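S.K.: dropping the sequence and predicted coords here.
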Amino acid sequence: NRIPDFPLWQRWNDYGIGLLLKGKAELKQAAEAFSRVATFGRYDGPMNLARVQVAEGDLDGAMQSLTKAMSMDPKPPSWTHAWLSGVVNRQQGHLEKAAELLRGTLETKVVERGFDFSLDYAVRNELGLTLLDIAQRADVMGDEAQFDDFLNQAKAEFERVLEIDSENATAHANLAKIHGLAEDSEQQQ
């Protein structure tokens, strides 16, 4: 039995992913591994480095890594780039851009590979949280119509998550939060 001969970039990438999945204590080593992958001209390096940077809270670094990944040939899968860019944009407070990117990810279907991201509850939860952030910002600004609109959009996203995963804790917790916000809004009227 011969061990498969994987390319060196792939071995570094797999090593980095293993470190990334281990958690905070291994992030520095994961970043080093993904930097090595980038030296091979692979988008996987900067894309995965962006994941490390998000975990570390280095959002500017993550955005730079995402930009670098898009400059490579071949380019990263559009759905992965859009999802990760949406996460970074949300954390940077660019909520409308984040919502646009996350919606784009959810609308992606890659039939030949069997991908239907509309069923990805992690992306849908992220969109729901982004819409909830927009609603809360509108509430602070006193824009009742926008508050109600985005609160309802967020509610719809979390309800869709429960259609996919009826026990999803994030969706349940945020639907409870939305219910409380809606009640507070009604009592203030």
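M.R.: That came in fine, so what should we check first?

S.K.: so for stretch 50-60, mean pLDDT?
M.R.: On average, the pLDDT along stretch 50-60 is 97.

S.K.: where does this structure dip in pLDDT?
M.R.: 187-189 (pLDDT under 70).

S.K.: all helices of this structure, in order?
M.R.: 8-22, 27-38, 44-56, 59-70, 78-91, 95-106, 121-141, 144-164, 169-188 (DSSP state H).

S.K.: so which bits of the fourth one are buried?
M.R.: In terms of neighbour count (16 or more other Cβ atoms under 10 Å), helix 59-70 has its buried residues at Leu59, Gly61, Ala62, Met63, Ser65, Leu66, Lys68, Ala69. C-beta here means a position set from N, CA and C on the backbone, and glycine is covered the same way.

S.K.: who's in contact with the third one?
M.R.: Meaning Ala62. With contacts defined as Cβ atoms under 8 Å, 6 or more residues apart in numbering, the neighbours of Ala62 are Ala50, Arg51, Gln53, Val54, Leu84, Val88.

S.K.: how far away is the fifth one from Leu127?
M.R.: Same thing as Leu84. 14 Å (Cβ to Cβ, to the nearest Å).

S.K.: who has more neighbours, the two?
M.R.: Set side by side, Leu84 and Leu127 show more neighbours around Leu127, with 28 against 23, by other Cβ atoms under 10 Å.

S.K.: and which of the buried residues of helix 59-70 is nearest Leu181?
M.R.: Leu181 has its nearest neighbour among these in Leu59, at 26.4 Å by Cβ to Cβ.

S.K.: neighbours of the closest residue to Asp120 other than its chain neighbours, how many?
M.R.: With Cβ to Cβ, 6 or more residues apart in numbering as the measure, Leu106 is the residue that lies nearest to Asp120, at 6.9 Å, once sequence neighbours are left out. Leu106 has 23 neighbours, counted by other Cβ under 10 Å.

S.K.: check Arg2 too.
M.R.: 4.

S.K.: next one: it from Arg124, what distance?
M.R.: Distance from Arg2 to Arg124, by Cβ to Cβ: 43 Å.

S.K.: next one: Asp165
M.R.: Counting by Cβ to Cβ, the gap from Asp165 to Arg124 is 10 Å.

S.K.: quick one, which of these two is more surrounded?
M.R.: Arg124 (28 against 15).

S.K.: pretty sure that one sits against Arg103.
M.R.: No. Counting by Cβ atoms under 8 Å, Arg124 does not reach Arg103; the two are 9.9 Å apart.

S.K.: spit out the contact partners of the residue positioned nearest the centre of the chain.
M.R.: The residue lying closest to the centre of the chain (Cα atoms, centre = their mean) is Val87, at 3.9 Å. Shown in contact with Val87 (Cβ under 8 Å, 6+ apart): Val54, Ala98, Glu126.

S.K.: which of those sits closest to Ala138?
M.R.: Ala98 (15.3 Å).

S.K.: if I look at Leu106, how far off is Ala171?
M.R.: Counting by Cβ to Cβ, the gap from Leu106 to Ala171 is 15 Å.
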